[in-house]
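**Q** Fold the following.
(one chain, ligands or ions: 3)
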Amino acid sequence: MGHLTKSNRAFFVTGTDTEVGKTCISKGLLLALDKMGYSTVAYKPIAAGCENTPDGLRNEDALILQRHSNIELQYDEVNPIAFEAAIAPHLALKALAGSDDVHFIPVDKIREGFVHLLQKEPNVILVEGAGGWRLPLGGSYLGRPRYLSEFVSELNLSVILVVGMRLGCLNHAVLTAEAISNDGLKIAGWVANQVDPDMVLVDENIESLKSLLDAPFLGNVPQLSGDDHAGNYLNLGRLGLSAEI
Ligand SMILES: Nc1ncnc2c1ncn2[C@@H]1O[C@H](COP(=O)(O)OP(=O)(O)OP(=O)(O)O)[C@@H](O)[C@H]1O
Ligand SMILES: C[C@H](N)[C@H](N)CCCCCC(=O)O
Ligand SMILES: [Mg+2]
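**A** Residues are numbered from 1 along each chain as shown. Ligands and ions are numbered 1, 2, ... in the order given. Here you go, the predicted structure:
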């Protein structure tokens, strides 16, 4: 297994839900890290919602991560497990298998892809989850379900929680933080990401989150436009990352 050192940090970007800005924040982190002189690779182990191209399945998140990693990567290195349908990945797998047998998205393959990227010796490896923290990998009513969070716990990755700022996010954020803590992990930092232009009392909600979440606040990312990116609003010093590596 690869070796994680201080200058070889691994982060797992999770969110309060799907479509809350995990990719948007990951892209900003990669751009900020590049500016600070860190070498980076990004990993999207499971992607559901892909275009079927002559080169194979291509997922927009994985393409963004591939473009913003500053160590050159092949698509399959960024995203080893891809499904065409934009649905829960374990259901996409079940549909492909076409039987009622129990199938699991293999944690082994997710781990192998991660270890392969570590061998490129990046200063930082950034992993984007799929959906929220408890993304199912498969299971049945009889057997023990498996979750993507097992991979994060096993490798003791530093978790970054993206809170999609919308009504209901307080409950989702607290439940996610409880689940992460129950898994024996700490949140390395959390981000408030403005996904709802109509949300009222944004600042008050952020203040509530600061008191509800026992984790460093990395920043408040507004609705972005043009060349602006999330990295411009994040304090990476709070993740223990500084310009001197
Ligand atoms: N701060 C922001 N400003 C403007 N648009 C944003 C912002 N954050 C997210 N978005 C947009 O919202 C949508 C969902 O964001 P994103 O794809 O990053 O979510 P996600 O959590 O990665 O979703 P998934 O679960 O599918 O991986 C995208 O169209 C993205 O461009
Ligand atoms: C298709 C979507 N954008 C994501 N890639 C997959 C989200 C899976 C969510 C599963 C769930 O928790 O219900
Ligand atoms: Mg995404």
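
**Q** Could you say which helix or strand holds Gly11?
**A** Check again: residue 11 is Phe, not Gly. strand 9-15 (DSSP states H and E).

**Q** what does that strand contact?
**A** 4, 21-22, 25-26, 29, 114, 118, 123-129, 131-133, 152, 155, 157-164, 176, 180, 188, 239-241 (Cβ atoms under 8 Å, 6 or more residues apart in numbering). Quick note: C-beta positions are derived from backbone N, CA and C, even for glycine.

**Q** among the residues you listed, which ones are buried?
**A** Among the contacts of strand 9-15, those classed as buried by 16 or more other Cβ atoms under 10 Å are 21-22, 25-26, 29, 114, 118, 123-129, 131-133, 152, 155, 157-164, 176, 180, 188, 239, 241.

**Q** State the distance from the residue of the chain found nearest ligand 2 to Thr18.
**A** Per Cβ to the nearest ligand atom, Gly131 is where the chain lies closest to ligand 2, at 3.1 Å. Per Cβ to Cβ, to the nearest Å, Gly131 is found 5 Å from Thr18.

**Q** picking up where we left off before, host element of the residue of the chain closest to ligand 2?
**A** Here Gly131 is assigned to no helix or strand, by DSSP H and E.

**Q** Does Arg134 touch Glu150 like I think?
**A** No: contact criterion Cβ atoms under 8 Å: Arg134 and Glu150 do not qualify, at 10.3 Å.

**Q** Determine the next helix or strand in the C-terminal direction from the helix or strand hosting Lys109.
**A** Lys109 is part of helix 107-118, with elements assigned from DSSP H and E. On the C-terminal side of helix 107-118, the nearest following helix or strand under DSSP H and E is strand 124-128.

**Q** now the helices: where do they sit in this protein?
**A** Under the criterion DSSP state H, helices of the chain are mapped to 22-35, 60-68, 75-78, 89-97, 107-118, 149-154, 169-182, 202-212.

**Q** Mean pLDDT added to the ones you listed, as TSV?
**A** TSV is the format used below for the helices of the chain (pLDDT from 0 to 100):
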stretch	mean pLDDT
helix 22-35	98
helix 60-68	98
helix 75-78	98
helix 89-97	93
helix 107-118	97
helix 149-154	97
helix 169-182	98
helix 202-212	98
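
**Q** tell me the most buried of the ones you listed?
**A** Across the helices of the chain, averaging neighbours per residue (mean count of other Cβ atoms under 10 Å) puts helix 22-35 on top, at a mean of 23.

**Q** got the contact list for the residue in the chain that ligand 3 sits nearest to?
**A** Residue nearest to ligand 3 within the chain: Thr23 (3.4 Å; Cβ to the ion). Thr23 is in contact with Glu60, Asp61, Ile64, Leu65, Glu128, counting by Cβ under 8 Å, 6+ apart.

**Q** near ligand 3, from those residues?
**A** Asp61 (Cβ under 5 Å from the ion).

**Q** Just the closest of the contacts of Thr23 to ligand 1, please.
**A** Nearest to ligand 1 among those is Asp61, at 5.1 Å by Cβ to the nearest ligand atom.

**Q** okay but the closest one is in contact with Lys44, surely?
**A** Yes: using Cβ under 8 Å, Asp61 is in contact with Lys44, at 5.4 Å.

**Q** ok, now which ones touch Ile187?
**A** Taking Cβ under 8 Å, 6+ apart, we find Ile187 in contact with Val159, Ile160, Leu161, Ala177, Ile180, Leu213, Asp214, Ala215.

**Q** Please flag which of those residues sit within strands.
**A** Taking DSSP state E, the ones among those that sit in strands are Val159, Ile160, Leu161.
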